[in-house]
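**Q** Show me the folded form of this:
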Amino acid sequence: MKSLVLICMLLGVFGSLETKNKLIECEVCREAFKYIQKWTLNPDIWSFPIDVAVEICIKFNGYTEPVCRGAIQENVLIVTESLARRYFDPDFACSAIELCDSPKYVRENFTEWQNNVLASKPSAPAPTPSNQGTFKFGHMSDLHIDAFYQEGANSNCGLPLCCREWNGPGTSGSWGDYNCDIPVKTLETAISQMSNQDLDFVIITGDLPPHDVWNQSQSYNLQYQSIVANLFEKYFPTTPVYYMFGNHGPFPVNALDPTNSSWFLNPVTEIWGSWLDAQAIATLKSKWAYSMVHPGTNLKLIALNTQACNNGNFFLFVNVTDPLGQIEWLENELSQAEKSGQVVYFYAHIPIASGDCLYAWAAHVNTLIDRYSNIIAGQFYGHTHNDEWHINRGIKTNEPLSIQWVAPSVTTYQGLNPSFRIYEADTVTKLVTDVHQYRLDLAAANLNPTVTPTFELAYSYLDLYGVSDLTPQTMFEYANSLASNATGAQQWWDNYYTGRNPSSSCNAACRNNLVCELTWGTSVLQGVCKNSTGSGLSNELVEALFGPWEYKVGSSII
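**A** Residues are numbered from 1 along each chain as shown. Now for the predicted structure:
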């Protein structure tokens with residue numbers, strides 16, 4: 001008995017020593033990473049690497065020193081600081097190398113979450129148009145106006161954006177140039193002509209400043225918010241205008257910090273808030289998103305902010321897990337809408353089908369689209385500058401459930417014709433029944449510089465594509481038919497480039513890839529369809545840097 005007591009006492013001593021050693025190891029680890037993090041957060045140590053990056057930019061891109069330095073400097077500091085706050089955080093680093101037992105970082109069980117969400121999906125047939133009347137609403141995206149645009153300026157000045165007086169003389173037209181962003185008067189012409197359409201409301205899915213990203217500031221970008229909002233107030237004094245900004249809204253481009261975005265959101269909500277109710281304004285400030293029931297209807301409009309999934313928003317390196325709880329908020333909004341008998345439109349800047357949207361976030365939204373496809377009547381996006389659409393399919397069934405409508409840009413940047421669109425929708429179900437795409441033939445407009453040009457109706461989906469309706473099933477069948485329809489695929493590509501298709505033809509491989517892009521709702525699923533990695537090595541590296549969704553459990557023991 002005495003021997004047993006002695007053994008227990010010795011084990012207790014050794015156990016205590018082991019615990020103390022573990023605590024010492026943890027404390028040493030945490031102090032070491034505190035020092036490392038503090039050192040890496042010193043901006044002075046990055047001056048030389050920035051200088052090297054600027055020299056590389058100048059040598060390989062041919063841009064001037066101010067352009068390269070302006071584009072690189074702010075983003076480099078955001079990247080280094082965000083990575084340091086994440087990977088050199090004492091809690092995270094010492095937990096990762098298993099020198100501290102607490103806190104722990106638990107990876108989200110996405111499959112479990114997905115199954116829980118889909119478990120309550122009702123077994124209802126897909127909604128179809130009631131044929132009891134229609135209403136119309138407008139959509140503009142990627143306006144990118146340039147207040148410094150100058151007719152007769154050099155449009156090939158060797159910079160990412162030209163057509164300004166200080167670029168020297170050239171041939172830029174009165175209404176715009178295919179190598180530049182558009183003058184304000186071209187946007188005003190588009191808004192004025194859209195206002196003649198007797199619309200119930202207008203959706204704007206972001207990107208108002210020009211592409212001079214190396215020469216911007218917070219106040220500079222916010223000025224463009226005011227310029228555009230004032231134009232819409234002028235031409236739509238009584239029609240609601242629902243706005244969500246894009247990746248070119250904040251400064252630097254793409255960069256919006258979930259923990260410090262009031263500098264941008266407060267003025268934006270003040271500028272665009274006249275069309276929103278108090279709850280929408282408050283939610284936009286706190287969640288980067290908002291919802292609002294369109295007056296006199298059961299149509300709930302949900303504006304999502306895809307800065308929460310933008311793979312160029314390096315602030316998300318710190319914590320990529322559901323920034324500001326927007327996914328959780330969206331699920332709650334959809335649940336409430338279903339219980340209230342409401343129909344939902346949601347709109348955002350970056351399509352979740354785009355590789356620019358981090359896949360974890362896109363996969364969560366894709367799941368919610370599946371679960372609530374019985375009430376989601378439309379999705380509306382921009383960002384790509386092209387005229388396109390993508391189909392979300394059932395996760396377990398693969399059946400087509402919803403369509404991501406992606407509007408082409410108003411800007412001419414990268415060789416496109418200025419465009420806006422009008423949707424026609426069923427009065428009862430709110431399903432889109434036709435898309436009327438309006439387009440300005442810029443080359444023709446510039447031949448008559450003193451005559452206000454007209455945005456002509458380029459096509460109607462029903463007329464051009466010969467489909468009976470625009471339900472997901474019908475558009476799915478049409479998309480699949482393009483694999484063997486060279487004429488139809490070429491027609492689609494021509495519209496994708498707003499009538500300025502640079503390619504000569506769309507061969508069999510092109511058509512097969514097109515079918516994959518149209519019939520799947522995320523970039524990864526499109527890649528699987530194409531028998532490729534989908535996002536490519538560079539995007540895989542970006543996804544790895546952001547890391548998985550995980551939750552911090554417990555607190556530091558030191």
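
**Q** what about the strands in the stretch 1-150 of the chain?
**A** In the stretch 1-150 of the chain, the segments counted as strands under DSSP state E, counting those that start in this stretch are 104-107, 134-140.

**Q** Walk me through the domains of this structure.
**A** Per automatic domain parsing, the structural domains of the chain span 17-101, 114-146+181-544.

**Q** Let me know which of the ones you listed is tucked in deepest.
**A** Most buried of these by mean neighbour count (mean count of other C-beta atoms under 10 Å) is domain 114-146+181-544; its value is a mean of 19. Every residue, glycine included, has its C-beta placed from N, CA and C.

**Q** Least reliable of the strands of the stretch 1-150 of the chain by average pLDDT, please.
**A** Per-stretch mean pLDDT for the strands of the stretch 1-150 of the chain is lowest at strand 104-107 (a mean of 94).

**Q** which other residues reach it?
**A** Applying C-beta atoms under 8 Å, 6 or more residues apart in numbering, the contact partners of strand 104-107 are 92, 95-96, 548-554.

**Q** And stretch 424-434, by the same measure?
**A** Contacts of stretch 424-434 (C-beta under 8 Å, 6+ apart): 127-137, 299, 343, 345, 377-378, 403, 405, 423, 435-436, 460-462, 469-471.

**Q** Quick one: end-to-end distance for it.
**A** 5 Å (C-alpha to C-alpha, to the nearest Å).

**Q** check contacts around residue 518.
**A** 388-391, 475, 479, 482.

**Q** Please list the members of these that lie in helices.
**A** In helices, defined here by DSSP state H, the members of the contacts of residue 518 are 475, 479.

**Q** Please flag which of the contacts of residue 518 sit within strands.
**A** 388-391 (DSSP state E).

**Q** Pipe these into a markdown table and attach pLDDT and distance to residue 185 per row.
**A** Formatted as a markdown table, these follow (pLDDT from 0 to 100; distance: C-beta to C-beta, whole Å):
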| residue | pLDDT | distance to residue 185 |
| --- | --- | --- |
| 388 | 97 | 28 |
| 389 | 97 | 30 |
| 390 | 98 | 33 |
| 391 | 98 | 38 |
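
**Q** want to throw those residues into CSV with distance to residue 448?
**A** Compiled in CSV, those are given as follows (distance: C-beta to C-beta, whole Å):
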residue, distance to residue 448
388, 31
389, 33
390, 37
391, 41
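
**Q** Which among the domains of the chain is found nearest to residue 158?
**A** domain 17-101 (6.4 Å; C-beta to C-beta).

**Q** In CSV, list the strands of the stretch 1-150 of the chain along with distance to residue 289.
**A** Shown next, in CSV, are the strands of the stretch 1-150 of the chain (distance: least, C-beta to C-beta, whole Å):
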stretch, distance to residue 289
strand 104-107, 25
strand 134-140, 18
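
**Q** Just tell me which of those ends up closest to residue 246.
**A** Of those, the one closest to residue 246 (C-beta to C-beta) turns out to be strand 134-140, at 11.7 Å.

**Q** which element follows that closest one toward the C-terminus?
**A** Per DSSP states H and E, the first helix or strand lying C-terminal to strand 134-140 is helix 184-194.

**Q** Just list what that next one packs against, helices and strands only.
**A** strand 134-140, helix 218-235, strand 419-426 (3 or more C-beta pairs under 8 Å, 6 or more residues apart in numbering; DSSP states H and E).

**Q** Show me what residue 379 is bridged to.
**A** Beta bridges link residue 379 to residue 346, residue 404 when assigned by DSSP bridges.

**Q** next one: residue 357
**A** residue 310.

**Q** Comparing the domains of the chain by mean pLDDT, which bottoms out?
**A** Among the domains of the chain, domain 17-101 carries the lowest mean pLDDT, a mean of 89.

**Q** Can I get the domains of the chain in CSV including distance to residue 163?
**A** Output for the domains of the chain, formatted as CSV (distance: least, C-beta to C-beta, whole Å):
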stretch, distance to residue 163
domain 17-101, 15
domain 114-146+181-544, 7
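
**Q** who wins for proximity to residue 165 among those?
**A** Here domain 114-146+181-544 is closest among those (C-beta to C-beta), at 11.5 Å.

**Q** How far off centre is the closest one?
**A** Computed by C-alpha atoms, centre = their mean, to the nearest Å, the chain-centroid distance of domain 114-146+181-544 equals 9 Å.

**Q** How about the secondary structure of the residue positioned nearest the centre of the chain?
**A** Centrality entry for the chain: nearest residue to the mean C-alpha point is residue 350, 2.4 Å, by C-alpha atoms, centre = their mean. Here residue 350 takes the coil state, with states given by DSSP: H, G, I helix; E, B strand; the rest coil.

**Q** got a list of what it touches?
**A** Here residue 350 is in contact with 246-247, 306, 309-310, 356-357, 381, 383 (criterion: C-beta under 8 Å, 6+ apart).

**Q** With residue 200 instead?
**A** 135-137, 239-240, 294.

**Q** let's go with 6 Å and repeat that
**A** 135, 137 (C-beta atoms under 6 Å, 6 or more residues apart in numbering).

**Q** With residue 69 instead?
**A** Applying C-beta under 6 Å, 6+ apart to residue 69 gives the contacts residue 54.

**Q** hmm, try it at 8 Å
**A** So residue 69 contacts 50, 54, 214 (C-beta under 8 Å, 6+ apart).

**Q** Residue 456 and residue 442, how far apart?
**A** Residue 456 is 12 Å from residue 442, where distance means C-beta to C-beta, to the nearest Å.

**Q** again with residue 465
**A** On the measure of C-beta to C-beta, residue 465 and residue 442 end up 25 Å apart.

**Q** What is the nearest of the contacts of residue 350 to residue 529?
**A** residue 357 (17.3 Å).

**Q** in the stretch 251-400 of the chain, which spans are helices?
**A** Here the stretch 251-400 of the chain has its helices, by DSSP state H, counting those that start in this stretch, at 262-272, 278-287, 326-339, 359-371.
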